[in-house]
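Q: Give me coordinates for this.
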Amino acid sequence: MKMREEEKNRSSQWKTFFKKRWVFPAVYLVAAALLISTIVWYQASSNNSAKDPKVTENGKNISGNKNDEPVIEVNQSFENIVMPVKNEDEARIVTKFFDANASADKQEEAIIVDGNKYRPNLGIDIGKNDGSEFEVVAALSGKVADVRQDALLGNVIEVEHEKGVVTIYQSVKDIKVKAGDQVKQGDLLATSSTSQLNMAAKNHVHFEIRKDNKALNPLTYIGQSLTALTEADVNDSKISGQVESKEGTEDVKDSEDTEERDNSQSNETQTEE
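A: Down below sits the predicted model:
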């Protein structure tokens, strides 16, 4: 009996409590506050996750904080042309580019003696200060267009760039690239070597810059952006012995014509005698 009376009293108390006008509004307010707090907490958690994602791909963090690989590839137009050597401080110019506007002494220094032939140098020959071998690297980013063995030139690598610009590396060995490869500026291409064409240069790399297949003085453009090179007017380049040929220094018509004329005159003199 006492149990039933206690239950009736409790039920009566709850009924009396819920009959009060402020009870239900208070309950709704508490529920609304809990709901709003839950939403705010969820949004704050989502923002924190977005700021510091822990997503990895192939074991590498791709959040952008410590990524070894660049997210955006650098446009090669904004690259400055560099010497095709790993350490420029240890390099020296063995044979300069033949400049038609230079003095006679300077032109003589840029002539390559090949047996009884004289060839104007259409690039620069770079050697190491101590004469030892060195790593040859890409002066600009680009696509390897051609790799070929050539006993006279000492093997050849050609790399294509924008708007008809090509860089050429001759007198190399232990070639690390093949035609079709994409290379970035500073990538290892080969090791310096020797060539039969310019034995006097000993161990070196012959480096050319060509636009629309016309040789330009590399020393003019090293340190300049590729844009400056692509905008150059090759018709204003007065380069003696310049020819449109993939063989570069190997084909220099002027020197061969001069030699033929000299031989012809010599034969005529002998005939007269």
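
Q: give me the element the nearest residue to residue 177 once chain neighbours are set aside is part of.
A: Among residues not flanking residue 177 along the chain, residue 144 sits closest, at 5.0 Å (Cβ to Cβ, 6 or more residues apart in numbering). To be clear about C-beta, it is placed using only N, CA and C from the backbone, and glycine gets the same treatment. Using DSSP states H and E, residue 144 maps to strand 142-148.

Q: And the strands in the stretch 51-200 of the chain?
A: Counting by DSSP state E, counting those that start in this stretch, the stretch 51-200 of the chain has strands at residues 56-57, 60-61, 91-95, 111-114, 117-120, 124-128, 135-137, 142-148, 156-160, 165-170, 172-173, 182-183, 188-192.

Q: For the fifth one, buried residues please.
A: By 16 or more other Cβ atoms under 10 Å, the buried positions in strand 117-120 come out as 118-120.

Q: Of these, which is the nearest to residue 219?
A: Using Cβ to Cβ, residue 120 comes nearest to residue 219 of these, at 15.0 Å.

Q: that older thread, out of the strands of the stretch 51-200 of the chain, nearest to residue 220?
A: That would be strand 124-128 among those, by Cβ to Cβ, at 10.5 Å.

Q: Each with direction, which strands does the closest one pair with?
A: With DSSP bridges as the test, strand 124-128 is paired with strand 91-95 (antiparallel), strand 205-211 (antiparallel).

Q: okay, the angle between it and strand 188-192?
A: Going by axes from the mean of the first three to the mean of the last three Cα atoms, to 10 degrees, strand 124-128 is angled at 80 degrees with respect to strand 188-192.

Q: which residues sit against strand 124-128?
A: Identification of contacts with strand 124-128 by Cβ atoms under 8 Å, 6 or more residues apart in numbering yields 83-85, 90-97, 134, 171, 192, 198, 201-207, 217-219.

Q: Using neighbour counts, trim the residues you listed to the buried set.
A: So, by 16+ other Cβ under 10 Å, the buried ones in these are 83-85, 91, 93-97, 134, 171, 192, 198, 201-207, 217-219.

Q: ok, the residue nearest to residue 177 - how many residues close by?
A: Using other Cβ atoms under 10 Å, the number of residues around residue 144 comes to 20.

Q: does it really touch residue 183, like I thought?
A: Yes. Here residue 144 reaches residue 183: they are 6.2 Å apart, a contact under Cβ atoms under 8 Å.

Q: Helices along the stretch 151-273 of the chain, start to end?
A: Along the stretch 151-273 of the chain, the segments classed as helices by DSSP state H, counting those that start in this stretch run 218-221, 226-230, 253-272.

Q: Redo the strands paired with strand 124-128 as JSON lines? Include distance to residue 161 and mean pLDDT.
A: Listed next are the strands paired with strand 124-128 as JSON lines, based on distance: least, Cβ to Cβ, whole Å; pLDDT from 0 to 100:
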{"stretch": "strand 91-95", "distance to residue 161": "22", "mean pLDDT": "93"}
{"stretch": "strand 205-211", "distance to residue 161": "9", "mean pLDDT": "95"}
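
Q: In CSV: those strands, plus distance to residue 36.
A: Below are the strands paired with strand 124-128 laid out as CSV (distance: least, Cβ to Cβ, whole Å):
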stretch, distance to residue 36
strand 91-95, 70
strand 205-211, 68
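
Q: Out of the ones you listed, flag the one nearest residue 179.
A: Using Cβ to Cβ, those put strand 205-211 closest to residue 179, at 17.2 Å.

Q: returning to what we had before: show me the one of the strands paired with strand 124-128 that comes nearest residue 223.
A: Using Cβ to Cβ, the strands paired with strand 124-128 put strand 205-211 closest to residue 223, at 12.5 Å.

Q: Now do that closest one against strand 156-160, angle only.
A: Computed by the same axes, to 10 degrees, the angle separating strand 205-211 from strand 156-160 equals 30 degrees.

Q: if I pick the closest residue to residue 130 other than its chain neighbours, what's in contact with it?
A: Of all residues not flanking residue 130 in the chain, residue 90 sits nearest, at 7.8 Å (Cβ to Cβ, 6+ apart). For residue 90, the contacting residues are 128-130, 134, by Cβ under 8 Å, 6+ apart.
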